[in-house]
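> next comes the sequence, and after it the predicted model I'd like to discuss.
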Amino acid sequence: MTEHEHVRVAVIGSGFGGLGAAVRLRREGVTDFVVLERADSVGGTWRDNSYPGCACDVPSHLYSFSFAPNPDWPRTFSGQEHIRAYLEHVTDVFRLRSHLRFNSEVKMMTWDAERLRWVVETSSGTLTADVVVSATGPLSDPKTPDVPGIDTFPGKVFHSARWDHDYDLRGKRVAMVGTGASAIQIVPSIQPDVAKLTLFQRTPPWVMPRVDRPITGAERWLHRQLPFTSQARRGLLWGLRELQVQAFTKRPNELGLVEQLAKRNMARAIKDPELRAKLTPSYRIGCKRILLSSTYYPALAQPNVDVVASGLGEVRGSTVVAADGTEAEVDAIVFGTGFHVTDMPIADRVVGAEGKTLAEAWGSGMKSLRGATAAGFPNWMTIIGPNTGLGNSSMILMIESQLNYMADYLRQLDVLGGRAALDARPGAVDAWNHRVQERMKRTVWNTGGCTSWYLDDNGVNTTIWPGTTTEFRGATRRVDLAEYDLLRPPPEPEAAPKRRTKKRVEAGA
């Protein structure tokens, strides 16, 4: 085999998960690592999603690393530009630039069983690594539906995560497809400028008010001078969300009061009974992601907006046709249709010990051990893996828990010594997955009566964690070696014994 650059750890992706992994590696004393990034800058989903109105629906002080608090968040809910700037700041403060490899998209990762290492082929070259930490995230590859006739459309078409900033929507007739977290931010941002906005809605979301405001200079000064005040603010935000978990996971019927609050939020802005009926969900709140906006409903009530209670069915030239037959002439189509979450494209690029891709191994559904490792894929870990998502709190909490697990994983390899790899035992993976799915049966995500992106094609929830962030932190604090098989390099073949030859003695010598 050709010799390539070799590193202890290869991290894939430079969003929150990848940068968090890089910081934790340095804090653990591991400096022999690279961060492979397909784009030309850090930020992950907060780099890729730059659509109008893009912002986080988790409060700023909770949507940041515990080891890198930011006393200068400008708003209680930060915008995309502020979060991206924060990630650039983390990159600089923790001196990660030298580890970054931009424009290095991973094409294939293949396990070398002879040498117990991963061969990582990228668009900028090939390297090998003892351990791979995949932090590509579930919101990295846009999902665009295959709409009949879309190739005949003469206007502009793009996904919310690939916003075309060179195209001016002012005065245009725009079709917005989808009503998820991105769409409810885009709609009120573009509505005042477009001539006509037609919203194609397959399923209406539950929308609660977004209580956003500027953080005052006095507050920021206080957080800078007395850091414990920022920690207290974060702790309060976290604690309130931990208390909400029981309703989502064990007592969904208690969410009826929250539904009433959401309906009142709608009624304040939507006076037309027919439009209100279109916008009222028929499933339990929380089954799909609860969205936050104080401007979405007022935008839908404007005269230049039409809500079509049906998905986009086909395109005929410049005419978009809903599944219920409703037609509209438009100049641009914007897809706010989400991402490949339960069928992550990176899984097609990971080839494990048995020569199968991760996508093949997950053919009947994603499953992992503690959201981090998969059977048959030694020394391969994922950040934000199966069943680590949250429905009501900050994913940074889950990421930091997985970083604890990653750190202990590397410590265990050090203790074992020599060339070694850990491979999750199939029985351990199945046992963990069984416990998770048993707990999932009572949750609002499984019983709420909706079809959401939390569920895979088999109707199994392979996305959400059915418990508190505290429980997950406990479950990932340490690596249990009993859940893994220890792999060592195969023994080298013994050399054939040398044949002994007698020395010839010449006569008279």
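Perfect, I can see it now. Numbering: from 1, shown residues only.

> let me know the pLDDT of residue 342.
For residue 342, the pLDDT comes out at 89.

> which SS state does it fall under?
coil (DSSP: H, G, I helix; E, B strand; the rest coil).

> which residues touch it?
365, 366, 453, 455, 456, 457, 462, 463 (CB atoms under 8 Å, 6 or more residues apart in numbering). In this view, the C-beta of every residue, glycine as well, is placed from N, C-alpha and C.

> so which of those residues comes closest to residue 256?
When the contacts of residue 342 are ranked by distance to residue 256 (CB to CB), residue 455 comes first, at 22.7 Å.

> would you list the buried entries among the contacts of residue 342?
Applying 16 or more other CB atoms under 10 Å to the contacts of residue 342, the neighbour count classes 365, 366, 453, 455, 456, 462, 463 as buried.

> not counting residues beside it along the chain, what's closest to the fifth one?
Excluding the flanking residues, the one nearest residue 456 by CB to CB, 6 or more residues apart in numbering is residue 342, at 3.9 Å.

> one more: residue 322?
Closest residue in space to residue 322, ignoring its immediate chain neighbours: residue 310 at 4.0 Å, by CB to CB, 6+ apart.

> so what's the residue count around that neighbour?
Other residues within reach of residue 310, judged by other CB atoms under 10 Å, total 16.

> am I right that residue 315 is in a strand?
Yes. Counting by three-state DSSP, one finds residue 315 located in a strand.

> now for it: which residues touch it?
Under the criterion of CB under 8 Å, 6+ apart, the neighbours of residue 315 are 147, 148, 149, 150, 152, 153, 321, 333.

> over to residue 152?
Applying CB under 8 Å, 6+ apart to residue 152 gives the contacts 315, 316, 317.

> and the gap between the second one and residue 157?
The reference is to residue 316. Spatial separation of residue 316 from residue 157 under the definition CB to CB, to the nearest Å is 14 Å.

> that older thread, sort out which one of the contacts of residue 342 lies nearest residue 262 for me.
Each of those was scored against residue 262 by CB to CB, and residue 453 proved nearest at 19.8 Å.

> mind checking the SS state of residue 120?
Secondary structure assignment for residue 120 (three-state DSSP): strand.

> and what of residue 408?
Secondary structure of residue 408, reduced to three states by three-state DSSP: helix.

> skipping adjacent residues, who's closest to it in space?
Taking CB to CB, 6+ apart as the measure, residue 408 lies nearest to residue 479, with 4.7 Å between them; neighbours along the chain are not counted.

> number of residues surrounding that neighbour?
23.

> same deal with residue 434?
A count of neighbours around residue 434, defined by other CB under 10 Å, yields 11.

> wait, what's in contact with it?
When contacts are taken as CB under 8 Å, 6+ apart, residue 434 is in contact with no other residue.

> sorry, back to before: now restrict the contacts of residue 315 to buried residues only.
Applying 16+ other CB under 10 Å to the contacts of residue 315 flags 147, 150, 153, 321, 333 as buried.

> pLDDT on the longest strand along the chain, on average?
Secondary structure of the chain read by DSSP state E shows that its longest strand is strand 125-134. Confidence for strand 125-134, expressed as mean pLDDT, is 98.

> tell me which helix or strand comes right after that strand.
Past strand 125-134, further along toward the C-terminus, the next helix or strand under DSSP states H and E is strand 156-159.

> surely residue 445 touches residue 464?
Yes. Counting by CB atoms under 8 Å, residue 445 touches residue 464, with 5.4 Å between them.

> between the two, which contacts overlap?
Shared contacts of residue 445 and residue 464, counting by CB under 8 Å, 6+ apart, come down to 391, 454.

> what are the contacting residues of the longest strand of the chain?
4-13, 18, 21, 34, 104, 109, 112, 115-120, 346, 350, 379-383, 406, 409-410, 413, 421.

> just the ones of the residues you listed in strands?
Helix and strand membership here follows DSSP E; of the contacts of strand 125-134, those in strands are 5-12, 34, 109, 112, 117-120, 350, 380-382, 421.

> buried ones only from those residues, please, as a PyMOL command.
Here the buried members of these are turned into a PyMOL selection, burial being counted by 16+ other CB under 10 Å:
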select buried, resi 7+9+10+11+12+34+109+117+118+119+120+350+380+381+382+421
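
> in the stretch 1-150 of the chain, where is pLDDT below threshold?
Filtered on pLDDT under 70, the stretch 1-150 of the chain yields the residue ranges 1-3.

> change it to 50
Within the stretch 1-150 of the chain, the segments meeting pLDDT under 50 span 1.

> domains in this structure, by residue range?
Each structural domain of the chain that the record assigns through automatic domain parsing is listed here as a residue range: 5-141+340-487, 150-213+220-335.

> more crowded one of residue 316 and residue 157?
For residue 316 versus residue 157, the count of surrounding residues by other CB under 10 Å is larger for residue 157: 17 against 12.

> bridging residues for the more buried one?
Listed by DSSP bridges, the beta-bridge partners for residue 157 are residue 333.

> distance check, the residue lying closest to residue 350 once chain neighbours are set aside against residue 47.
For residue 350, the nearest residue in space outside its immediate sequence neighbours is residue 358; the separation is 4.1 Å by CB to CB, 6+ apart. With distances taken as CB to CB, residue 358 is found 25 Å from residue 47.

> kindly report the same for residue 479.
Counting by CB to CB - residue 479 and residue 47 are separated by 32 Å.

> can you check residue 386 too?
Residue 386 sits 24 Å away from residue 47, going by CB to CB.

> comparing these two, which residue is more hemmed in?
Neighbours of residue 386 and residue 47, each counted by other CB under 10 Å, are more numerous for residue 386; the result is 29 against 19.

> contacting residues for the closest residue to that one other than its chain neighbours?
On the basis of CB to CB, 6+ apart, the spatially nearest residue to residue 386 that is not a chain neighbour turns out to be residue 366, at 4.1 Å. Residues touching residue 366, when contacts are defined by CB under 8 Å, 6+ apart, comprise 342, 344, 347, 385, 386, 456, 462.

> quick check: the farthest pair among those residues?
Using CB to CB, the two most remote members of the contacts of residue 366 are 385 and 456, lying 14.0 Å apart.

> ok, now which ones touch residue 110?
Taking CB under 8 Å, 6+ apart as the definition, contacts of residue 110 comprise 118, 119, 121, 351.

> could I get the residues you listed as CSV with distance to residue 304?
Written out in CSV, the entries for the contacts of residue 110 read as follows (distance: CB to CB, whole Å):
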residue, distance to residue 304
118, 53
119, 55
121, 50
351, 51
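
> so what's the nearest residue to residue 5 once chain neighbours are set aside bridging to?
Residue nearest to residue 5 in three dimensions, not counting chain neighbours: residue 127, with 4.4 Å by CB to CB, 6+ apart. Listed by DSSP bridges, the beta-bridge partners for residue 127 are residue 5, residue 120.

> how many other residues sit next to residue 127?
Look at residue 127: counted by other CB under 10 Å, it has 20 neighbours.

> give me the buried positions along the helix or strand hosting residue 257.
Residue 257 is part of helix 256-269 when elements are defined by DSSP H and E. Within helix 256-269, the residues that qualify as buried are 258, 259, 262, 263, 265, 266, 269, counting by 16+ other CB under 10 Å.

> ok, the first one touching residue 287?
Looking back up the chat, that one is residue 258. No. Contact between residue 258 and residue 287 fails when scored by CB under 8 Å: they sit 12.0 Å apart.

> which residues does residue 143 contact?
Neighbouring residues of residue 143 by CB under 8 Å, 6+ apart: 337, 338, 339, 340.

> what are the ranges of the strands in the stretch 301-450 of the chain?
Per DSSP state E, counting those that start in this stretch, the stretch 301-450 of the chain carries strands over the ranges 305-308, 312-316, 319-322, 327-329, 332-335, 350-351, 380-382, 421-424.

> can I get those strands in CSV including distance to residue 237?
Listed next are the strands of the stretch 301-450 of the chain as CSV, based on distance: least, CB to CB, whole Å:
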stretch, distance to residue 237
strand 305-308, 33
strand 312-316, 37
strand 319-322, 40
strand 327-329, 42
strand 332-335, 32
strand 350-351, 36
strand 380-382, 27
strand 421-424, 34
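
> kind regards, and thank you for your time.
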